[in-house]
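Chemist: One predicted model, sequence on top.
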Amino acid sequence: MARLKGALNFTGSIGNLSAYNSKGIEDTLIRLKGGASREKIKKAREFTNTRKNNAEFGGASTAGKKIKEAIISVTHLDHSRFQNRLNTICRFIINQDPVNDWGKRSFLLSNHRSLLEGFNLGMGTAFDSIIKHPLACTINRSELSATVLIPQLIPKIGLYVPGNFSFFRLIAVMGIVPDLQYDTRFEKYFPINAAIQSKRADIYTDWLSTADISSQQELNIQIEGDCNMSDQDSVVLAVGVEFGAALSANLIRPVTNAGAAKIVGVE
């Protein structure tokens, strides 16, 4: 894949070339058209390794979507191609499966939870650059609950505002991400624990003034109901910061293209 810059810049097709734009990338991308047919890739012997790669790429994509769904309450705080970054982590995890053959390796997040911790989403400014003081976060797997302790935040010391924003609030979200295995019958990845209910829960602080000192707060999150959790399932906790603008004395609207979030714990 190549990129177009300068005066020679277009979208569309010229001969065997196709130029297009992609979200999160400023330059125009260019690629060759054509290639082997879908049917040939699916059946021909010379594409055996391609099929194995495609199967595991599909597994990584499915796993990335599961993670995104678990933290969906903060994913709007990123305008980059974070799904691709998630998929890269998931593909690495699939590659670590020492048991199953290439093309059928499992996604075992339960063995590599630390790889997700600290994963950042943002609109140009990282979460730790906005909320300067560390958050104290705990996850209770058995009770499907979590606690996030937000320290006192002093403007320009503990809170950095990357713009002319009057209000901010924090969001905590917790969801369940299952380990996945390849099913040869359907040629797709499914949860190893077929009974898992991938639920999530979130909580928001009140809108707070960016000009005032905010008091210490404790956010308590609880996923309700029985999720049929097993050792092959992980609990993912993420925290985001969102900025707001006042539309009236009693109505504050979240600002688009501002804020950040990160995964703060996986158990």
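Modeler: Now that the structure is in, tell me what you want to look at.
Chemist: For the residue nearest to Ala195 when sequence neighbours are not counted, give me its contacts.
Modeler: Leaving aside its sequence neighbours, Ala195 sits nearest to Asn228 (C-beta to C-beta, 6 or more residues apart in numbering; 4.1 Å). Yep, even glycine has a C-beta here, placed from its N, CA and C like the rest. Contacts for Asn228 (C-beta atoms under 8 Å, 6 or more residues apart in numbering) come out as 193, 195-197.
Chemist: one more time with 10 Å, if that's ok
Modeler: The neighbourhood of Asn228, defined by C-beta atoms under 10 Å, 6 or more residues apart in numbering, consists of 176, 193-197.
Chemist: and what of Asn111?
Modeler: Asn111 touches 93, 96-98, 179, 232, 234, counting by C-beta under 10 Å, 6+ apart.
Chemist: Could you list which of the residues you listed belong to strands?
Modeler: Ser234 (DSSP state E).
Chemist: can the contacts of Asn111 go into JSON lines with extra columns for pLDDT, distance to Phe119 and neighbour count?
Modeler: JSON lines is the format used below for the contacts of Asn111 (pLDDT from 0 to 100; distance: C-beta to C-beta, whole Å; neighbours: other C-beta atoms under 10 Å):
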{"residue": "Ile93", "pLDDT": "98", "distance to Phe119": "13", "neighbour count": "25"}
{"residue": "Gln96", "pLDDT": "97", "distance to Phe119": "17", "neighbour count": "13"}
{"residue": "Asp97", "pLDDT": "96", "distance to Phe119": "21", "neighbour count": "18"}
{"residue": "Pro98", "pLDDT": "94", "distance to Phe119": "24", "neighbour count": "7"}
{"residue": "Asp179", "pLDDT": "98", "distance to Phe119": "18", "neighbour count": "23"}
{"residue": "Gln232", "pLDDT": "97", "distance to Phe119": "21", "neighbour count": "18"}
{"residue": "Ser234", "pLDDT": "98", "distance to Phe119": "13", "neighbour count": "25"}
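Chemist: Sort out which one of the contacts of Asn111 lies nearest Phe57 for me.
Modeler: Ile93 (13.0 Å; C-beta to C-beta).
Chemist: can I assume the closest one is in contact with Ser106?
Modeler: Yes - checked against C-beta atoms under 10 Å, the pair Ile93 and Ser106 is within contact range at 9.0 Å.
Chemist: any common contacting residues for the two?
Modeler: 59, 63, 179-180.
Chemist: Among these, which lie within helices?
Modeler: 59, 63 (DSSP state H).
Chemist: If we only consider the shared contacts of Ile93 and Ser106, which is nearest to Glu224?
Modeler: Asp179 (22.9 Å).
Chemist: Quick one: residues contacting the closest one.
Modeler: Neighbouring residues of Asp179 by C-beta under 10 Å, 6+ apart: 63, 66, 93, 106-111, 189, 191-193, 196, 230-234.
Chemist: Going by neighbour count, which of those are buried?
Modeler: 63, 66, 93, 106-111, 189, 191-193, 196, 232-234 (16 or more other C-beta atoms under 10 Å).
Chemist: centroid residue for this structure?
Modeler: Compute the mean C-alpha point of the chain, and by C-alpha atoms, centre = their mean the closest residue is Lys68, 4.4 Å away.
Chemist: Can you show me the helices along this protein?
Modeler: 38-43, 48-70, 82-95, 127-130.
Chemist: Reformat those helices as CSV; add distance to Glu117.
Modeler: Formatted as CSV, those follow (distance: least, C-beta to C-beta, whole Å):
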stretch, distance to Glu117
helix 38-43, 37
helix 48-70, 12
helix 82-95, 11
helix 127-130, 13
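Chemist: mind checking how far Ser142 is from Arg253?
Modeler: For Ser142, the distance to Arg253 equals 39 Å [C-beta to C-beta, to the nearest Å].
Chemist: the more surrounded of those two?
Modeler: Arg253 (11 against 6; other C-beta atoms under 10 Å).
Chemist: Give me the neighbour count for the residue nearest to that one when sequence neighbours are not counted.
Modeler: Distances taken as C-beta to C-beta, 6+ apart put Leu247 closest to Arg253, at 5.2 Å, once the chain neighbours are dropped. Counted with other C-beta under 10 Å, the neighbours of Leu247 add up to 9.
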